[in-house]
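Colleague: Output the structure for:
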Amino acid sequence: MLVSELMSRPPVCAAPDLSVPDAAHLLRQHGIRRLPVVEGTTLVGIVTDRDLRETLPGRVTTLSMWEATTQLAGIRVADVMRRSVITTTPDADARDVARTLLSRRIGGLPVVSERGEVMGMVTVTDLLRAYAAEPVPQTLQEPTP
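Modeller: Below is the predicted model of the structure:
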């Protein structure tokens, strides 16, 4: 099976100058955990929900809500994104992607064209969804009474 058959598309992406609160809102709004960061259509980084949570002030802080909000509005995705991004291509084999996700202990990869354009995302959930849709091999089926 190819990545192009599994990937989520169109990808939800963020610009490097998007504020951290706006990026967090985008993640919540779409029910996703990672955002490819693009300039135009070219991938320049990735930011995850974890990256954003680590940027937010903790529950115990001396800042007022107004001060915290003002400071967060000044932090951009470019300030917290990861610049070295492991990617895959639409014609990659899904098993190879699964091995990469397992060995690197990551939850998803941007799917990038030969021109460097982000075409979609492939995640562990996409792989599990495809696996669950396949018929169960006879040796793994429950015995019939």
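Colleague: quick one: the residue nearest to the spatial centre of the chain from Gly74, how far?
Modeller: Compute the mean C-alpha point of the chain, and by CA atoms, centre = their mean the closest residue is Arg34, 2.8 Å away. Separation of Arg34 from Gly74 (CB to CB, to the nearest Å) stands at 23 Å. Placement of C-beta: from N, CA and C, glycine included.
Colleague: Please apply the same query to Ala133.
Modeller: 45 Å.
Colleague: Please spell out which residues along the helix or strand where Tyr131 lies are buried.
Modeller: For Tyr131, the enclosing helix or strand under DSSP states H and E is helix 124-133. For helix 124-133, burial by neighbour count (16 or more other CB atoms under 10 Å) applies to 126-127.
Colleague: let's have the chain start at 733 instead
Modeller: Will do, 733 is the new start, and the previous item becomes helix 856-865.
Colleague: which other helices and strands contact that helix?
Modeller: helix 735-738, helix 826-836 (3 or more CB pairs under 8 Å, 6 or more residues apart in numbering; DSSP states H and E).
Colleague: Adding distance to Leu750, mean neighbour count and mean pLDDT, write these out as TSV.
Modeller: As requested, the helices and strands packed on helix 856-865 are arranged in TSV below (distance: least, CB to CB, whole Å; neighbours: other CB atoms under 10 Å; pLDDT from 0 to 100):
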stretch	distance to Leu750	mean neighbour count	mean pLDDT
helix 735-738	26	18	94
helix 826-836	25	14	96
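Colleague: Redo these as JSON lines? Include distance to Thr820.
Modeller: Conversion of the helices and strands packed on helix 856-865 to JSON lines gives the following (distance: least, CB to CB, whole Å):
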{"stretch": "helix 735-738", "distance to Thr820": "6"}
{"stretch": "helix 826-836", "distance to Thr820": "5"}
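Colleague: can you tell me which of those helices comes nearest to Thr857?
Modeller: Judged by CB to CB, the one of those that comes nearest to Thr857 is helix 735-738, at 9.8 Å.
Colleague: can you give me the offset of that closest one from its chain's centre?
Modeller: Here helix 735-738 is found 15 Å from its chain centre; the criterion is CA atoms, centre = their mean, to the nearest Å.
Colleague: Asp781: which of the helices and strands packed on helix 856-865 is closest?
Modeller: Closest among the helices and strands packed on helix 856-865, using CB to CB: helix 826-836, at 16.7 Å.
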